[in-house]
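> Got a predicted structure here, sequence first:
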Amino acid sequence: MSGSPPPPGGFVRRIGLFQATAINMSQMCGIGPFVTIPLMVAAFGGPQAVLGFVAGAVLALCDGLVWAELGASLPGSGGSYVYLRQAFRYRTGRLMPFLFVWTAMLFIPLVMSTGVVGFVQYLGYLAPGLGRTAGDLIGLGVIALVVVLLWRGIEHIARITTVMWAVMIASVLLVIAAAATHFSPHLAFTYPAGAFDPTSGHFWPGFAAGLTIGVYDYLGYNTTAYMGAEVREPGRTLPRSIVFSILGIMAIYLLLQIGTLGVVDWHRMTDPHDIASTSVASAVLEETWGRGAADAVTVLILVTAFASVFAGLLGGSRVPYDAARDRVFFRPYEKLHPRHRFPVLGLATMGAITAVGFLIGRHTDLATLIQLLTTVMVIVQALAQIVALTVLRRRRPDLPRPYRMWLYPVPSAVAFAGWCVIYGYADRNSPGRHPVEWSLAWLALGCAAFLVWARRERVWPFGPKEADPDADGTGAPAVNAGAGT
């Protein structure tokens, strides 16, 4: 029962459905739509950019159902690490979970770094004279503050996250309300010639770029799956928090996108010298309710950006813990804070990588950073995890499944196709940057690191394959996934 004492030395189940949904939504929304609406418009070349958010929602929901079934069945800390470990250890030993942790240690902080880039962009609206060096220092200070706030017990973090979730909702709703008071259907629904022509040479590359940006804006629907060991009644809470957060954010994004297009001419969003290309929400408030209201809502947007980074590092820092505890990653990562019970080295490492990613994003461009982080996560997490769901259904039919995917295997197939489209068009949509090649290079480096590590640990392929150590796949004593502990 949820009132039982916590296991000695382990995580404590204190996150309920509302807090889990708030954590997901804080990570999903954050600064994302406020900085990517102009990128989406540029990708599609007009107001038809709303297609990108719709396509992103479909992919997120289909992939979210994969997470929902796996998270409910295997509610351990670490998310994909737990699922890949259970599905593939019989054939390739510890390779797949090792590679997931290897890639997650890069792509999760890169996602967080985009939030800090957006934070500094909107801060530039309040301080137009903000220089590049000052912006860099402020961004690094924000990251340091997030790490300091996360250096405490989960019960305090849950309360902080709920407050920031409320601020996030307020900031988005204010922008939507402002857009509604001055909405122009002519601006929002007048499309360039051939905007929806799939035979044109620009439609599918634009759609793939828009799908990438769209699914980036929804990333975070799986945050609480990384915290399965800290969620009450995970068999019920995890699936519901994933589905509720995706549907809620989808409604918010569509209202935000359409409302923004009905106030600010889309051509302004593609002009790098116009404030609408970097701070489009502030431009909406300035056009509708005046500069004072724009400044006030910009402050709320800054809090929203901070909340998204906070929630992302909260969940992401748990990823290497379970792997290290099961001897699939570097052993120092299994250490928990003696008093507050959070993974110390995981949080510190991801905070440092977030800082590096922020500096890279500040000195390149946000679209390229999004393409890079997306391609890094596609092969080992997105595609392999979909395969893992099918493998586990066949290999472990006895596994407790408090939730089973609706309409299986259709959502899995749709998600698999969507991730392939994103990966296949990545280089074409980032000329000269080669995100696919960089992602493959990082994966190859991870394979080399695994071979070095496996030889030292004397495990497959330098030792025998291992039997499954437990019945429920969490690396801990078996529990009822639907009842919590």
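Now that the structure is in, tell me what you want to look at.

> Dihedrals phi and psi, H202?
Backbone geometry at H202, expressed as degrees, to the nearest 10, gives phi -110, psi -20.

> That one is in contact with G45, isn't it?
Yes. H202 sits in contact with G45 when judged by CB atoms under 8 Å, with a separation of 6.8 Å. Heads up, the C-betas are built off the backbone N, CA and C, glycines and all.

> Give me the more crowded residue out of those two.
The neighbour count for H202 versus G45, taken as other CB atoms under 10 Å, is higher for G45 (17 against 13).

> who's in contact with the more buried one?
When contacts are counted by CB atoms under 8 Å, 6 or more residues apart in numbering, G45 is found next to 192, 195, 202, 206.

> Tabulate those (CSV), appending pLDDT.
Formatted as CSV, these follow (pLDDT from 0 to 100):
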residue, pLDDT
P192, 90
A195, 84
H202, 82
G206, 88
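
> Neighbour-wise, give me the winner out of the residues you listed.
Neighbour tally across these (other CB under 10 Å): the maximum, 24 neighbours, falls on G206.

> could you dump the helix or strand it falls within to CSV, C-alpha only?
Per DSSP states H and E: G206 is located in helix 203-218. C-alpha atoms of helix 203-218 as CSV (Å, rounded to 0.1, in the frame of the first residue of the first chain):
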residue,chain,number,x,y,z
PHE,A,203,6.0,19.8,-49.0
TRP,A,204,7.5,16.6,-47.6
PRO,A,205,10.9,18.1,-46.5
GLY,A,206,8.8,20.9,-44.8
PHE,A,207,6.5,18.3,-43.3
ALA,A,208,9.5,16.2,-41.9
ALA,A,209,11.1,19.4,-40.5
GLY,A,210,7.8,20.4,-39.0
LEU,A,211,7.2,16.9,-37.5
THR,A,212,10.7,17.1,-35.9
ILE,A,213,9.9,20.4,-34.4
GLY,A,214,6.4,19.3,-33.4
VAL,A,215,7.5,16.1,-31.6
TYR,A,216,10.3,18.1,-29.9
ASP,A,217,7.6,20.4,-28.5
TYR,A,218,5.8,17.3,-27.0
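
> So which elements touch it?
If contacts are counted by 3 or more CB pairs under 8 Å, 6 or more residues apart in numbering; DSSP states H and E, helix 203-218 sits against helix 32-44, helix 50-73, helix 234-261, helix 366-377, helix 410-424, helix 426-429.

> Would you mind getting the angle between the longest one and helix 50-73?
The one in question is helix 234-261. Per axes from the mean of the first three to the mean of the last three CA atoms, to 10 degrees, the angle that helix 234-261 makes with helix 50-73 is 170 degrees.

> Likewise for the fifth one?
Orientation note: helix 410-424 sits at an angle of 120 degrees relative to helix 50-73 (the same axes, to 10 degrees).

> How about helix 410-424, which residues are buried there?
Neighbour counts using 16 or more other CB atoms under 10 Å place 411-412, 414-416, 418-419, 421-423 of helix 410-424 among the buried residues.

> Looking at that helix now, give me its mean pLDDT.
In this model, helix 410-424 has a mean pLDDT of 95.

> Check the longest one too.
Throughout helix 234-261, pLDDT has a mean value of 91.

> ok, back up a step: let's have the helices and strands packed on helix 203-218 in CSV, adding distance to V344.
What follows is these, written out as CSV (distance: least, CB to CB, whole Å):
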stretch, distance to V344
helix 32-44, 28
helix 50-73, 25
helix 234-261, 24
helix 366-377, 25
helix 410-424, 33
helix 426-429, 35
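
> Which of those helices sits closest to F462?
Among the helices and strands packed on helix 203-218, the nearest to F462 by CB to CB is helix 366-377 (26.9 Å).

> if I look at G424, how far off is L99?
Distance from G424 to L99, counting by CB to CB, to the nearest Å: 21 Å.

> Then A72?
A72 is 24 Å from L99, by CB to CB.

> Please identify which of those two sits among more neighbours.
The neighbour comparison of A72 against L99 (other CB under 10 Å) goes to A72, with 26 against 23.

> Let me know the closest of the buried residues of helix 410-424 to F306.
Among the buried residues of helix 410-424, I422 lies closest to F306 (CB to CB), at 27.7 Å.

> pretty sure that closest one is touching F207, no?
No. Checked against CB under 8 Å, the pair I422 and F207 is beyond contact range at 10.5 Å.

> Could you list the low-pLDDT ranges of the stretch 101-250 of the chain?
152-161 (pLDDT under 70).

> show me where it has helices.
132-150, 154-181, 185-189, 203-218, 234-261 (DSSP state H, counting those that start in this stretch).

> Wait, a helix at K465?
No. Assessed with DSSP: H, G, I helix; E, B strand; the rest coil, K465 is coil; it does not lie in a helix.

> ok, so what distance separates it from G93?
Using CB to CB, K465 is found at 5 Å from G93.

> Look at the two and report which has more neighbours.
Using other CB under 10 Å as the criterion, K465 and G93 rank with G93 on top: 22 against 13.

> so what pLDDT did that one get?
G93 is given a pLDDT of 82.

> My read is that it contacts W460, right?
Yes. Using CB under 8 Å, G93 makes contact with W460 at a distance of 3.0 Å.

> Please name the residues that touch the closest residue to V120 other than its chain neighbours.
Excluding the flanking residues, the one nearest V120 by CB to CB, 6 or more residues apart in numbering is G135, at 4.5 Å. By CB under 8 Å, 6+ apart, the contact list for G135 reads 120, 123-124, 362.

> Sketch out the helices for the stretch 251-400 of the chain, chain order is fine.
For the stretch 251-400 of the chain, the helices defined by DSSP H, counting those that start in this stretch cover 266-269, 280-288, 291-316, 319-325, 344-363, 366-377, 384-395.

> Dump those helices to CSV, plus mean pLDDT, mean neighbour count and distance to F450.
Listed next are those as CSV, based on pLDDT from 0 to 100; neighbours: other CB atoms under 10 Å; distance: least, CB to CB, whole Å:
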stretch, mean pLDDT, mean neighbour count, distance to F450
helix 266-269, 92, 19, 44
helix 280-288, 92, 24, 43
helix 291-316, 85, 23, 21
helix 319-325, 77, 26, 12
helix 344-363, 88, 20, 18
helix 366-377, 85, 24, 16
helix 384-395, 93, 18, 14
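
> so which of those comes closest to R240?
Among these, the nearest to R240 by CB to CB is helix 291-316 (16.8 Å).

> Which neighbouring elements make contact with the closest one?
Counting by 3+ CB pairs under 8 Å, 6+ apart, helix 291-316 packs on helix 17-28, helix 32-44, helix 95-126, helix 132-150, helix 154-181, helix 280-288, helix 344-363.

> Just the buried residues of the longest one, please?
When you say that, I think you mean helix 95-126. Using 16+ other CB under 10 Å as the test for burial, helix 95-126 gives 95-125.

> Now do it against helix 280-288, angle only.
Using the same axes, to 10 degrees: helix 95-126 against helix 280-288 is 30 degrees.

> Could you give the separation of helix 95-126 from the chain centroid?
8 Å (CA atoms, centre = their mean, to the nearest Å).
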